[in-house]
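Undergrad: curious how this folds, go ahead:
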Amino acid sequence: MASIRTYKWGVLLGLAALPGLAFANQEVIKLTQDSKINKGNVKNLRVAWTMSTGVLRGHEGGPLVIGDMLYIHSPFPNKVFAVSLADQQIRWKYEPKQDPTVIPVMCCDTVNRGLAYADGKIFLQQADTNLVALDAKTGKEIWKVKNGDPKKGETNTNAPHVFKDKVITGISGGEFGVRGFVAAYDIKTGKQVWKAFSTGPDAEMLMDPDKTMTWTDGKMAPVGRDSSLKTWQGDQWKIGGGTTWGWYSYDPKLNLMYYGSGNPSTWNPVQRPGDNKWSMTIWARDVDTGQAKWVYQMTPHDEWDFDGVNEMILADGINVKGKPHNVLVHFDRNGFGYTMDRVTGQLLVAEKYDPKVNWATHVDMKSGRPQVVAKYSTQAQGPDVDTKNICPAALGSKDQQPASYNPANKMFYVPTNHVCMNYEPFKVEYTAGQPYVGATLSMFPAPGSHGGMGNFIMWDAGTGKIVKSKAEKFSVWSGALTTAGGIACYGTLEGYVKCVDANDISKELYKFKTPSGIIGNLNTWQYKGKQYIGVLSGIGGWAGIGLAAGLEKDTDGLGAVGGYKDLKNFTELGGVLTVFALP
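TA: Predicted structure coming up:
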């Protein structure tokens, strides 16, 4: 039997990228090396136990296992449960009292993406922006710090990440004119160590105009003075978006963290001329100081709400044009898969990972800029014009659902959306705490294709090519899981957990229907010599807005309902952790 060293979503030099496992040591690594579930026996998986969170909204993220305890979270009001793996009994529960007025300024849905662990503490990033440290044994609150102001539209949906002696968090609210940032807090005291904005003056972005590098004219070059300010009209950068509600990765050898900033505000591009730097950007920052080492803007002057917050997967020895690189791989919502040298920031590969992507023909590898097709440019068409058949839709060819990497065959496994849209921008005025969107959308399955709204794909990051693709009726909105047992697993919006052959994803090896649609991440762990796979089901996010609110029109819910209306025939709202194991 194959060894079980597990390759989870967001793999980063072993286990260091996973929230709560940033301090992964030899003991932790050893615990993941016994023989367990593989493609020969995965068909025998059975439900070991289940648990309800009691919250009927979208459940993203996944369980966090530390020793003999499992920690699980919920959407708003962001409950935390500590569950004994020995008997599945709840040892403690933390249920924060949050002001319900936070809910209307959350976009989109009331999701939370998970917990982190270090130094005997469980870290929770609440929707109301409070970052909380809980005693892992008792659930007692150790410290709490305010990270933002919901009255300005600032909320939090991201999982906190622990790197070294700091807990890193971001901010949500791009649809409310929030100015994005990441912040680092001391894990022992909660004291803020540094804070770095996505837009504005160099000093506030922790950017050195002479030392922070970017890809320009086929090479890396300094960003130069006022690189952000020069790309905004007047003070628009103050309400410019670039929020940071996704995932963060860390390379301990380089002491660099990597993450993406989201769309610029507003969705009406005519109101914010310029490249709108540094929204839609991949960032590499020094963890100790927050200083930006390099940046790369994927979608200058974003006209389609293509957030750039998706995970950054760090992989070693990826061969690009005959040369091995230690890389960062990012599947952006704009439909392009990027492979970059994570040390230097050099752009190596930028190719479409959904063949229906049409808003740009390609990325010019010398300038690094996408070559926009005028027909699908909402800027070119102008306000109050419904630009039709743009692919992908605003939810992207992939949203925040993490891809995974398999070192055994150097392939990436990507859950994707196969969705297009019509997009009509209109003028909107900024008011603090009020929606600052400025566009009406409708979404639908990609025309002239397999008729479904999703694919699960294998991707070669060295060549930028789809190796294999498995069609799905709805978007694949769960995080992917691959293991050394030769399997790749994911969840579907109808509520199925599916496991396929990692070398041939067309071979479905296992399928099980959970109580609700899955937008959470599949995780695996070992307890007392036995391997388990767990996933949260509870449909939500873009796809669940219609179900939660009873919306019917394609343009409802910022256009999110679209082709997802049919989900009501396949799944219901829910919040259940399902744990699988071999008999």
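
Undergrad: in whichever strand or helix holds Val47, what's buried?
TA: Assigned by DSSP states H and E, Val47 belongs to strand 46-52. Residues of strand 46-52 classed as buried by neighbour count (16 or more other CB atoms under 10 Å): Ala48, Met51. For every residue, glycine as well, the C-beta is placed using N, CA and C.

Undergrad: pLDDT on it, on average?
TA: Strand 46-52 shows a mean pLDDT of 97.

Undergrad: contact partners of the helix or strand following it?
TA: Next helix or strand after strand 46-52 toward the C-terminus (DSSP H and E): strand 64-66. Residues outside strand 64-66 that contact it (CB atoms under 8 Å, 6 or more residues apart in numbering): 19-20, 70-72, 85, 114-117, 122, 136, 523, 525, 527.

Undergrad: where in the stretch 101-250 of the chain is pLDDT low?
TA: Applying pLDDT under 70 to the stretch 101-250 of the chain picks out no residues at all.

Undergrad: okay, and Tyr117 sits in which element?
TA: Short version, using DSSP H and E: Tyr117 is in strand 116-118.

Undergrad: re the thing from before, now the buried members of the contacts of strand 64-66.
TA: 19-20, 70-72, 85, 114-117, 122, 136, 523, 525, 527.

Undergrad: before we move on, the earlier item: tell me which other helices or strands the strand holding Val47 touches.
TA: strand 576-581 (3 or more CB pairs under 8 Å, 6 or more residues apart in numbering; DSSP states H and E).

Undergrad: now the residue positioned nearest the centre of the chain. Nearest residue, chain neighbours left out?
TA: Per CA atoms, centre = their mean, the C-alpha nearest to the average position across the chain is that of Gln400, at 2.8 Å. Of all residues not flanking Gln400 in the chain, Gly246 sits nearest, at 5.4 Å (CB to CB, 6 or more residues apart in numbering).

Undergrad: ok, that neighbour - contacts?
TA: Contacts of Gly246 by CB under 8 Å, 6+ apart are Asn158, Gly170, Tyr259, Gly260, Gly262, Asp307, Val309, Asn310, Glu311, Gln400.

Undergrad: among those residues, who's most crowded?
TA: Gly262 (31 neighbours; other CB atoms under 10 Å).

Undergrad: wait, is that residue part of a helix?
TA: No: counting by DSSP: H, G, I helix; E, B strand; the rest coil, Gly262 is located in no helix; its state is coil.

Undergrad: surely it is in contact with Asn310?
TA: No: applying CB atoms under 8 Å, one finds Gly262 not in contact with Asn310, separated by 9.8 Å.

Undergrad: what about Trp92, distance to Asn44?
TA: 34 Å (CB to CB, to the nearest Å).

Undergrad: nearest to Asp99 among the contacts of Gly246?
TA: Asn158 (19.5 Å; CB to CB).

Undergrad: any idea how far Met207 is from the closest one?
TA: From Asn158 to Met207 the distance is 22 Å (CB to CB).

Undergrad: same check on Thr266?
TA: 24 Å.

Undergrad: returning to what we had before: off-centre distance for the helix or strand that the strand holding Tyr117 is followed by?
TA: Downstream of strand 116-118, the next assigned helix or strand under DSSP H and E is strand 121-125. The chain centroid and the centroid of strand 121-125 are separated by 18 Å under CA atoms, centre = their mean, to the nearest Å.

Undergrad: same check, this time on stretch 335-348
TA: Using CA atoms, centre = their mean, the offset of stretch 335-348 from its chain centre is 17 Å.

Undergrad: okay, how far is it across that stretch, tip to tip?
TA: 16 Å (CA to CA, to the nearest Å).

Undergrad: how about stretch 49-57?
TA: End residues of stretch 49-57 are separated by 21 Å (CA to CA).

Undergrad: what comes into contact with it?
TA: 59, 72-77, 79, 81, 83, 88, 109-111, 536, 538, 540, 544, 548, 573-579.

Undergrad: so, low pLDDT: which residues of this protein?
TA: In the chain (pLDDT under 70), the answer is 1-35, 541-552, 554, 556-563.

Undergrad: try 50
TA: 1-29, 31-32, 34 (pLDDT under 50).

Undergrad: how about the helices in it?
TA: 26-30, 378-381, 541-549, 556-559 (DSSP state H).

Undergrad: elements contacting the second one?
TA: Applying 3+ CB pairs under 8 Å, 6+ apart, we find helix 378-381 packed against strand 387-390.

Undergrad: how about the strand it packs on: buried residues?
TA: Within strand 387-390, the residues scored as buried using 16+ other CB under 10 Å are Thr387, Ile390.

Undergrad: can you dump the C-alpha atoms of it in PDB for me?
TA: The C-alpha coordinates for strand 387-390 follow below in PDB (Å, rounded to 0.1, in the frame of the first residue of the first chain):
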ATOM      1  CA  THR A 387     -22.400  43.700 -22.400                       C
ATOM      2  CA  LYS A 388     -23.300  40.100 -23.200                       C
ATOM      3  CA  ASN A 389     -21.800  36.700 -23.100                       C
ATOM      4  CA  ILE A 390     -18.600  37.500 -21.100                       C
END
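
Undergrad: I'd like to know which elements it is packed against.
TA: helix 378-381, strand 419-425.

Undergrad: buried deepest among these, which one?
TA: Greatest average neighbour count among these goes to strand 419-425 (a mean of 24), per mean count of other CB atoms under 10 Å.

Undergrad: run through who's touching it.
TA: Counting by CB under 8 Å, 6+ apart, 267-270, 304, 356, 378, 382-395, 438-447, 453, 475, 559, 562-563 sit against strand 419-425.

Undergrad: same question, stretch 374-388
TA: Counting by CB under 8 Å, 6+ apart, 268-270, 301, 303-304, 358-359, 389-390, 422-427, 439-440 sit against stretch 374-388.

Undergrad: rerun at 6 Å
TA: Surrounding stretch 374-388, the residues in contact under the criterion CB atoms under 6 Å, 6 or more residues apart in numbering are Pro269, Val270, Glu303, Asn358, Trp359, Ile390, Asn422, Tyr423, Glu424, Pro425, Phe426, Lys427.

Undergrad: now for those residues, which pair is the farthest apart?
TA: Asn358 and Lys427 (26.4 Å).

Undergrad: neighbours of Glu175, just the number please.
TA: 24.

Undergrad: for it, which non-adjacent residue is closest in space?
TA: Nearest non-adjacent residue to Glu175 (CB to CB, 6+ apart): Cys107, at 4.5 Å.

Undergrad: give me the neighbour count for the nearest residue to Asp501 once chain neighbours are set aside.
TA: The shortest distance from Asp501 to any non-neighbouring residue, by CB to CB, 6+ apart, is to Lys507 (4.0 Å). Residues near Lys507, counting by other CB under 10 Å, number 12.
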